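Q: Take a look and give me a structure for this.
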Amino acid sequence: MGSVIYAGVVTDRVIVVGAGHAGLEAAFAAARVGAKVLVVTGRLDTIGQTPCNPSVGGVAKAHLVAEIEALGGLMGRAADACAIHGRVLNLSKGPAVWSTRLQVDKAGYGAYVRRALLEAPGIEVVEGLVASVHLGEDGGVQGVVLRDGSVIPGTRVVVTTGTFLGGLLHTGDQKTPGGRVGEPPATALSEQLKQLGFRLSRLKTGTPPRLSAASLDLDVMSPQPSDDPFPRFTPPDEPEQPPVLPKVHCHLTHTNEATHAIIAANLTKSAMYSGQIKGVGPRYCPSVEDKIVRFEGRSSHQVFVEPEGLDTDLVYPNGISTSLPADVQEEFVRTIRGFERAVMVRPGYAVEYDAVDARGLTHHLESKDHPGLFFAGQINGTSGYEEAGVQGLVAGANAAASLCGGPGLVVGRDEGYTGVLIDDLITQGCDEPYRMFTARAEYRILLRQDNADTRLTSLAHAAGLVGVERVERVERRRAAIVVAKTEPASATPSWIAARARAEELYAGYIDRQRREIERIRGEGAQNLPLAIDLDYAAMPGLSGEQAQRLAHVRPTSTGQAARIPGVTPAALMCLWAHARQRQRTVRG
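A: Residues are numbered from 1 along each chain as shown. Here you go, the predicted structure:
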């Protein structure tokens, strides 16, 4: 499949730019809602890659995967089908924060999702590099223009370029344009977005060196077996259960003082510390150089040795992401216990890329200034496959809904981590890659991983993302949980019994949080709509600073305005007064 030149009138369809985790979920969601979909990707063979750690889930990220599953998405099912190691994290804490993490077969995962995309009805896939979004004279979206000049028409575009937007790879003082190794960046698209008025920031992520498993001494490391029973994201009563792959152990080792000494002596050679990289990296997933500097008093750091698949010799040493020169990487790696004879197959590197300021988007992830143009994934400033996937699903569903006349999809902060993620992005923006944590969700007692289906399936059905059969299965689960709570000695499946116990454990907290939500939602006068083009500078009672803060975000409701950092109660009173007056005028 090469790039295709489409002639004639603008086609009513959704074009998805990119086929990573965000692009995949966007395409599937848009097709499920009923739109014709065309996906443009640089290479067919890299569709759905896990270019960094081949794992899905983890703390809070598992909640996002469970929500993708509840909304009819693919990520959880693909992870289940390709899992080779699995654990539930946070088991020492309450079930609200229990989080599944699956290590997947890297090649198998890519093949699974690639096949699903290429075989999906209503979705066409072409190879090509998008140079720009094609806009009409009225500013409306009319398609995309490829680097070779081909024009692909479409009235909705979802941009999911990941780390490719102005992407630059760093290893020591070596700089290579690219979104990942061997693939060119989307430089022209980055320049066009700037010209269209989008605020771009420079962010950074990274990856560790890849090592040959045969060169490592696993016997001196601590084995990390999978949990029994093996965890999964797909509910056990779903009719299409994924196949079961053989399972492997991960292993745990540590850096030491010799490792740290080599890194410290070579800090000026790191792209991060030489001043070569201008982008801001993720605070909660730092490079090994960052760890040595920020945690100066620590004599060691954990390194998880994670196989990349069943049919590959490569392992992923989780914990030593770096942008040091290749020779320095090889030197410090061999100081780590079990790595003394390590063969480095590929050095680690940092990736610097452009991200869009998501405060210019609505809760639908649609541009406020360019209707029909949607953004999802790392381009919005997030970090991680899971954060990208759920954004893609929401953007794709809303792009299709705006095309087909559907209701669209908005998840509230009290309904899912999806809602927390998107509301945080479009209200606060981010000055570093955003990673989901359970602490970000104020209603996390209600938002467990195991109850994502009962929280979101009805919402998914209303948006056209799942059929009535899925809703009926969820209702049967809900009824079974009620029975398990009233008759705990009954022969209930263990996973249903566990959900019943969790609800009973949190019963008092759940009732309290639901009353709080009802109180907030009941105060309709406290959460009124605001026009996107509201002139805050002309609003009586607002200071210049407050007007500037509000104009920067352009909130769509007084509730969203209240979450903007630095907006004062006095400013909110002005907004409420304006919104009430506008409401009375409309009614009158």
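
Q: drop to CA atoms for contacts and neighbour counts, all remaining ones
A: Fine.

Q: Then D450 would be within a helix, right?
A: Yes. Applying DSSP: H, G, I helix; E, B strand; the rest coil, one finds D450 inside a helix.

Q: Can you read off the backbone torsions of the closest residue in space to it that isn't next to it in sequence?
A: Leaving out its chain neighbours, the residue that sits closest to D450 by C-alpha to C-alpha, 6 or more residues apart in numbering is R499, at 6.9 Å. Main-chain torsions, R499, degrees, to the nearest 10: phi -70, psi -40.

Q: Where does pLDDT dip in the stretch 351-500 of the chain?
A: Along the stretch 351-500 of the chain, no part satisfies pLDDT under 70.

Q: hmm, I was thinking of the chain
A: Checking the chain against pLDDT under 70 turns up 1-10, 274, 278-279, 281-284, 519-526, 588.

Q: can we see that at 80?
A: Along the chain, segments meeting pLDDT under 80 span 1-11, 180-182, 242, 271-285, 488-491, 516-527, 566, 568-570, 586-588.

Q: Run a quick neighbour tally on the residue nearest to D450.
A: Look at R499: counted by other C-alpha atoms under 10 Å, it has 22 neighbours.

Q: unless I'm mixing things up, it is touching V482, no?
A: No. Contact criterion C-alpha atoms under 8 Å: R499 and V482 do not qualify, at 9.9 Å.

Q: if we can go back for a sec, need the contact list for the residue nearest to D450.
A: 450-451, 481 (C-alpha atoms under 8 Å, 6 or more residues apart in numbering).

Q: And the residues you listed, which is closest to L530?
A: Nearest to L530 out of the contacts of R499 is N451 (C-alpha to C-alpha; 32.8 Å).

Q: what residues are up against the closest one?
A: Here N451 is in contact with R499 (C-alpha under 8 Å, 6+ apart).

Q: 7 Å instead?
A: Residues in contact with N451 (C-alpha atoms under 7 Å, 6 or more residues apart in numbering): none are found.

Q: From L314, how far out is the spatially closest residue to P225 that is not a sequence neighbour?
A: With sequence-adjacent residues excluded and distances taken as C-alpha to C-alpha, 6+ apart, P225 is closest to H249, at 4.8 Å. Relative to L314, H249 is positioned 14 Å away (C-alpha to C-alpha, to the nearest Å).

Q: So between those two, which is more surrounded?
A: Between H249 and L314, counting by other C-alpha under 10 Å, L314 is the more crowded of the two (20 against 15).

Q: hey, what's the more buried one bridged with?
A: S212 (DSSP bridges).

Q: and what of L38?
A: On the basis of DSSP bridges, L38 is bridged to I15, E124.

Q: State the distance from it to A111.
A: L38 is 19 Å from A111, by C-alpha to C-alpha.

Q: cool, and V141?
A: Relative to A111, and taking C-alpha to C-alpha, V141 is found at 32 Å.

Q: which of the residues in stretch 295-313 are buried?
A: Within stretch 295-313, the residues that count as buried by 16 or more other C-alpha atoms under 10 Å are 300-301, 303-310.

Q: of the residues you listed, closest to G136?
A: E308 (45.5 Å).

Q: Relative to T50, how far out is that closest one?
A: Separation of E308 from T50 (C-alpha to C-alpha): 10 Å.

Q: same deal with P565?
A: P565 is 34 Å from T50, where distance means C-alpha to C-alpha.

Q: ok, now A350?
A: Distance from A350 to T50, counting by C-alpha to C-alpha: 16 Å.

Q: where does the nearest residue to F230 once chain neighbours are set aside fall, phi/psi-wise?
A: Using C-alpha to C-alpha, 6+ apart and skipping the chain neighbours, the partner closest in space to F230 is G86 (6.3 Å). The phi and psi values for G86, taken as degrees, to the nearest 10, are phi -150, psi 140.

Q: thought T176 was touching G167?
A: No. T176 is beyond contact range of G167, at 8.7 Å (criterion: C-alpha atoms under 7 Å).

Q: Tell me which of the two has more neighbours.
A: Shown here are T176 and G167; by other C-alpha under 10 Å, G167 has more neighbours (26 against 17).

Q: need the contact list for that one.
A: Shown in contact with G167 (C-alpha under 7 Å, 6+ apart): 177-179, 185, 351-353.

Q: hmm, try it at 6 Å
A: Shown in contact with G167 (C-alpha atoms under 6 Å, 6 or more residues apart in numbering): 177-179, 185, 352-353.

Q: Nearest to L403 among those residues?
A: P185 (29.6 Å).

Q: What separation do you get for the closest one and C52?
A: The spacing between P185 and C52, counted by C-alpha to C-alpha, is 17 Å.

Q: Which parts of the stretch 1-150 of the chain are helices?
A: Using DSSP state H, counting those that start in this stretch, the helices of the stretch 1-150 of the chain run over residues 21-33, 61-70, 75-82, 106-119.

Q: For Q224, see how far away the closest residue to L245 other than its chain neighbours is.
A: Spatial nearest neighbour of L245, excluding adjacent residues (C-alpha to C-alpha, 6+ apart): I84 at 6.3 Å. Note on I84: its distance to Q224, by C-alpha to C-alpha, is 12 Å.

Q: sorry, back to before: so if I had to pick from L38 and A111, which one is more boxed in?
A: Ranked by neighbour count (other C-alpha under 10 Å), L38 and A111 place L38 first, with 22 against 19.
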